[in-house]
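> Pasting a predicted model and its sequence here:
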Amino acid sequence: ISLLYTIKFENRAIGTKRAESASEMLVKLVLVLFLVRASQTTLVSPLNKGVIGKISEEFLQDFADEVTDKASTLLKSESFSGSSGLFSYWGVRANGLDLHPSITLRNDGSPGNGTGQLVIDVKIGGSIQASGSWRWRKKTWWYSVTLSGGVDVSSRGFSIGTSVILGQKSDGQVGFSYLPSSCSADMGSLDIDINGSWYSWILDIVVWLFEGNLKDKMEENACKGVNKVFGTAAEDFDDAMFHQEFSLPLETGGELKVDFSPSAITGGDTCAVIASPASMEVSGKNTSSPPGIVTPPFIPPTQQPRRRRRQARDWCSAVPGPNSGVSIVLTEDLISRVIQNLHHLDLLKFELEETSRSGGEVSFDVSRYGTRLNTTRVKFLESDLSGFTRMTVKISSTGPPKVRITRTGVSVSVNLRARVALFSDSPKLEIKTEFETLTEWQGTVRLAKKDGRYSLIPHVTASADLWAVKLYAGVDIAGMKESGQGRIDEGDRILDAIERLLNGMLEENLAEMIEEDVRSGIPLNIPQEYLTVGRADISYQEEYILLHLDDISIDLQQ
């Protein structure tokens, strides 16, 4: 766009029939800015709220490989038996399996509740070798004949087909579910070798008489094992990924609860897309009525009359993230609601009481609502406030924070009020000041293992712009107390010293105290007992944070 516009501008400058009017220039400039803005990477509605997970086909294939390996182990450990006429067999066990699964994703928009559904079709092909024991018995009223030996069975056309559903389950929740009825097995053509008796060569000739029965039993046993393993894996993985409770308790009481249960499923041929509104609830002794909870409508209901579309949207391309591993999108809506609710829990309310001064630092006990949190030290020049023996600081927010995600991180702007009181014993003097400040925090996150799962741990830096709005002085002379808000001697020096103190406190200490409050981080529903993340890349875009997890090792052997 920029190149074309430059060429046209230069051609007009060289020689044109008429000069371009100012209004035309303005219209073209607005058009260029609009097109440039539209070309930026932004989230597509309705997947622009809460948390969006993009699971690549590659990861789902790795998951199918791991589940198939576990199914192979189970099939090798179990045996089966059966009979056909005079021929019976038992202890037949697979001693050789070479299975290779392949998956196909298809978006099934059949549910009418707007949830959506993705079907993961699994096709397992390979070869099988099994062996067991056989017996043939013929008995009449005057004689009986019994033959026995071993039987070896092999097939190179062995295949199993099954499906895992990612959508609304029978209990109404959204997640993984497995349908045992979807399993079908085909042994193909069996190669059966009967041995161990002089009569075996005859049975080898007429093996077709009981081949069908043996084949049916092997197929039944294969689906039995696959159903058990796939069903357990889907249930365990569903519980670990989608139904973990998260709460952020504060040391002074109260907690922020976040429900990450998914509410919408979509995707395409190369990925599954899972969306959660991340509904929140605040509770505790320091909270009043919480703000309204927003649950965004992710997928339009299909109950409405269908309209013809020229082309279905490719959600795998619309949702950010590479076509490998797992991508997690944390939207500005989510981060904003988390911080707004933490503000509702008075996370930005601190009371600091001076305890000592030493080596150019002043120590404060930090508390909230009378509950001691920790001790913090602020750099401080003794000469700044000489004569004052003690000070207290109270910090609180005066309005909800404003949150914005840019390419450098998460930016949080908040208006704070700081009240500082200075005390002197000789003479008895008390000075109270009130400052207003616009504080801006810049936050980034890192991925860490914490409490059995992966969490995003924040790091916060701050800058503050302060201005004084009140100065109150009180003095006790010979038992006579005087007070007022007028100008006092050395008032400017005192205000400047307090401003320097608050700047350091807000830009360094307050950021550290906030990090301490949220040190547990934001947990991700990535089950550490099943998954080990080899690489995590975190990038910041306009309106969202993109977390891409790759080189993921899957272990279901537990």
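Arrived safely.

> so how far is residue 369 from residue 538?
34 Å (CB to CB, to the nearest Å). (Each C-beta comes from the backbone N, C-alpha and C, glycine too.)

> who has more neighbours, these two?
residue 538 (17 against 13; other CB atoms under 10 Å).

> quick one: that one and residue 547 touch, right?
Yes: counting by CB atoms under 8 Å, residue 538 does reach residue 547; the two are 5.4 Å apart.

> Tell me the residues that contact both of these two, please.
residue 447 (CB atoms under 8 Å, 6 or more residues apart in numbering).

> List of residues touching the helix or strand where residue 72 lies?
According to DSSP states H and E, residue 72 maps onto helix 57-77. Helix 57-77 is contacted by residues 93-95, 97, 99-103, 105, 120, 122, 124, 221-222, 225-226, 228-230, 233, 237, 269-272, 323-326, 552, 554-557 when judged by CB under 8 Å, 6+ apart.

> Likewise for stretch 398-412?
Counting by CB under 8 Å, 6+ apart, 332, 335-336, 339-340, 343, 413-417, 436, 440-445, 540-545 sit against stretch 398-412.

> Now that stretch: average pLDDT?
The average pLDDT within stretch 398-412 is 91.

> Please identify the buried residues of it?
401, 403, 405, 409-412 (16 or more other CB atoms under 10 Å).

> just stretch 77-85 next, same as before
For stretch 77-85, by 16+ other CB under 10 Å, it's 79-80, 82.

> just stretch 134-143 next, same as before
134, 136.

> Sheet partners, orientation included, of the one helix or strand residue 137 maps to?
If you go by DSSP H and E, residue 137 is part of strand 118-139. Next to strand 118-139 in the sheet, as set by DSSP bridges, lie strand 87-107 (antiparallel), strand 144-168 (antiparallel).

> Report the rounded mean pLDDT for stretch 118-130.
91.

> then that stretch to PDB, C-alphas only?
What follows is stretch 118-130, C-alpha atoms only, in PDB (Å, rounded to 0.1, in the frame of the first residue of the first chain):
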ATOM      1  CA  LEU A 118     -14.800 -31.600  16.500                       C
ATOM      2  CA  VAL A 119     -14.500 -35.300  15.700                       C
ATOM      3  CA  ILE A 120     -11.000 -36.900  15.800                       C
ATOM      4  CA  ASP A 121     -11.100 -40.000  13.700                       C
ATOM      5  CA  VAL A 122      -8.300 -42.400  14.500                       C
ATOM      6  CA  LYS A 123      -7.300 -45.100  12.100                       C
ATOM      7  CA  ILE A 124      -4.800 -47.700  13.500                       C
ATOM      8  CA  GLY A 125      -3.200 -50.000  11.000                       C
ATOM      9  CA  GLY A 126      -0.400 -52.600  11.300                       C
ATOM     10  CA  SER A 127       0.500 -56.200  11.800                       C
ATOM     11  CA  ILE A 128      -0.200 -58.600  14.600                       C
ATOM     12  CA  GLN A 129       1.200 -62.000  15.700                       C
ATOM     13  CA  ALA A 130      -0.500 -64.100  18.400                       C
END
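
> Tell me the pLDDT of the residue with the largest distance to the centre of the chain.
In the chain, counting by CA atoms, centre = their mean, residue 142 sits farthest out from the average C-alpha position, at 75.8 Å. Each residue has a pLDDT score; the one for residue 142 is 77.

> Repeat that for residue 295.
At residue 295, the model reports a pLDDT of 36.

> Please check the contacts of stretch 398-412 and keep the buried ones.
Counted by 16+ other CB under 10 Å, the contacts of stretch 398-412 give 332, 335-336, 339-340, 343, 414, 416, 440-445, 540-541, 543-545 as buried.

> Which members of these are positioned in strands?
Members of these lying in strands (criterion: DSSP state E): 414, 416, 440-445, 540-541, 544-545.

> out of those, what pair is the most spread apart?
With CB to CB as the measure, no two of those lie farther apart than 416 and 541, at 28.6 Å.

> Name the residues of the strand holding residue 137 that are buried.
118-120, 122, 124-126, 128-134, 136.

> closest to residue 394 among these?
residue 118 (52.9 Å).

> Could I get the contacting residues of the closest residue to the closest one other than its chain neighbours?
Leaving aside its sequence neighbours, residue 118 sits nearest to residue 166 (CB to CB, 6 or more residues apart in numbering; 4.4 Å). Shown in contact with residue 166 (CB under 8 Å, 6+ apart): 117-120, 175-176, 265, 267, 272, 274.

> now do 6 Å
If you count contacts by CB atoms under 6 Å, 6 or more residues apart in numbering, residue 166 has them with 118, 176, 265, 272.

> That one and residue 59: what is the separation?
13 Å.

> Could you identify which of the strands paired with strand 118-139 is most buried?
strand 144-168 (a mean of 18; mean count of other CB atoms under 10 Å).

> Report the next helix or strand after it in sequence order.
Toward the C-terminus from strand 144-168 - assigned by DSSP H and E - lies strand 174-178.

> Can you mark which positions in whichever helix or strand comes after that following strand are buried?
Sequence order places strand 184-186 as the next helix or strand after strand 174-178, per DSSP H and E. For strand 184-186, a neighbour-count test (16+ other CB under 10 Å) marks residue 185 as buried.

> what does strand 184-186 contact?
159-161, 219, 222-223.

> how about a markdown table for those, with pLDDT added?
What follows is these, written out as a markdown table (pLDDT from 0 to 100):
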| residue | pLDDT |
| --- | --- |
| 159 | 93 |
| 160 | 95 |
| 161 | 95 |
| 219 | 92 |
| 222 | 92 |
| 223 | 94 |
